[in-house]
Each structure stands twice: as structure tokens, then as C-alpha cells.
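Undergrad: Sequence first, then the predicted structure, then my questions.
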Amino acid sequence: MKRLETERLIIRPMQEKDLSSIHEMLSDKETMTYFVEGIYSLDKVKEILNRNNKEIRHFTVMLKGSYRVIGKLSFNKWGMNDTYEIGWIFSKNATHQGYATEAAKSMLDYAFNELNAHRIIATCQPENSASKRVCEKLNMRLEGTNKKCIYYKDDIWWDELFYAILKEEY
């Protein structure tokens, strides 16, 4: 995938020039609340970029016109044939404006129409109401809750919600 565009957004594979903006977003404690890894160091973001150069799985989301980086999508093969996982993270300055839903919908369109995907899944923690809302707006169905499946730290385990949508449901 080279590049996707929506009414307000440009979505393209993460590039070296995005490093500073992506790091700023992923090193913000509030933004990273629901990520078990916590805040990302610059080296960790560089590692993601280096892996992305070999296999594109991370996409930068920018506002049209200004080209300001506001978020990141992850999209990769998952488990079964023609099944993919999608994830998103957006800068706290770009939340509650529909950007995550718009970007994720564009990626679902691409996956179902260009890749002929059969199924797309997304996961989030039950407390992450913003991500739950995005899944619901994408008409993904909640298939279940994986109880205490993610080890956080200090013997704290997180639950994880499991959403999915099939091509024929899209």
C-alpha cells in the first residue's frame, strides 16, 4: 500500500521523516495509558521504523493541507488466511474529532476491497472507551472478553476486548 486518502486525512507507510512526531505522540504518558509497553523511547520508535522498512505494518496519519502527524495505524496479517488486525493510536490533541474512525474505515475499505480480506480484528481494554467507540462505529462486533490475558506489571493483569468484522458484514 502506497497511500490512502480520506476527506481530511492522508495515511501512508511510516517514514524516517515521521520519527520525531511519532515519538512525541508515543512518549506521552496520557496517550499511552492503554498500552502495556508504556511510553516509547526514541530507540523503540526507530526500531518500529526499521522493521517497517522490511514489512510495512505501521502507517502515519496526517491532516490534509498541513501534513501534521496526528496518529498512527497498525495493520498486519493475523492468524488465519486473509485475516488482519488493525490498531490505532492518536495524539491527545487529535481525539474526539472522528479521525481514528475515518482512518480505520479507510484501512478497512482497502483491506476488504483491495486485499480481499475475509476478516479484520481489533482489540482494546474495557476501560478504553474511545477505542471501543471506534470499533462500534466501524460496525465491528464484540466477540468476547479475554479475561486477565495481558500481563501489565507487578502482578496486574488486564482484560482485553476482542472485536471483529467479516467482509460480508462490512
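TA: Cool, got the structure. Numbers count the residues shown, from 1 in each chain.
Undergrad: Could you pull out the buried residues of the top helix by length along the chain?
TA: In the chain, with assignment by DSSP state H, the single longest helix is helix 99-113. Of all the residues in helix 99-113, those buried under the rule 16 or more other C-beta atoms under 10 Å are 99-108, 111-112. Every C-beta, even on glycine, is put in place using the N, C-alpha and C of the backbone.
Undergrad: Let me know the distance separating the residue nearest to Trp157 when sequence neighbours are not counted from Pro126.
TA: Distances taken as C-beta to C-beta, 6 or more residues apart in numbering place Lys148 nearest to Trp157, at 3.6 Å, with adjacent residues excluded. Lys148 sits 12 Å away from Pro126, going by C-beta to C-beta, to the nearest Å.
Undergrad: again, but for Leu63
TA: For Leu63 relative to Pro126 (C-beta to C-beta), the value is 30 Å.
Undergrad: out of those two, which sits in the more crowded spot?
TA: Leu63 (15 against 12; other C-beta atoms under 10 Å).
Undergrad: Helices of this structure, start to end?
TA: 19-26, 42-54, 99-113, 129-137.
Undergrad: Out of the ones you listed, the one nearest Asn93 is which?
TA: helix 19-26 (9.1 Å; C-beta to C-beta).
Undergrad: Could you pull up the mean pLDDT of the closest one?
TA: Helix 19-26 comes out with an average pLDDT of 97.
Undergrad: now for it, which elements pack on it?
TA: Packing contacts for helix 19-26, counted by 3 or more C-beta pairs under 8 Å, 6 or more residues apart in numbering; DSSP states H and E, involve helix 42-54, strand 69-77, strand 83-90.
Undergrad: Tabulate these in JSON lines, adding columns for distance to Tyr152.
TA: Formatted as JSON lines, the helices and strands packed on helix 19-26 follow (distance: least, C-beta to C-beta, whole Å):
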{"stretch": "helix 42-54", "distance to Tyr152": "17"}
{"stretch": "strand 69-77", "distance to Tyr152": "20"}
{"stretch": "strand 83-90", "distance to Tyr152": "17"}
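Undergrad: Any idea how many residues pack against the spatially closest residue to Ser74 that is not a sequence neighbour?
TA: Excluding its sequence neighbours, the residue lying closest to Ser74 (C-beta to C-beta, 6+ apart) is Gly87, at 4.2 Å. Residues lying near Gly87 (other C-beta under 10 Å) number 18.
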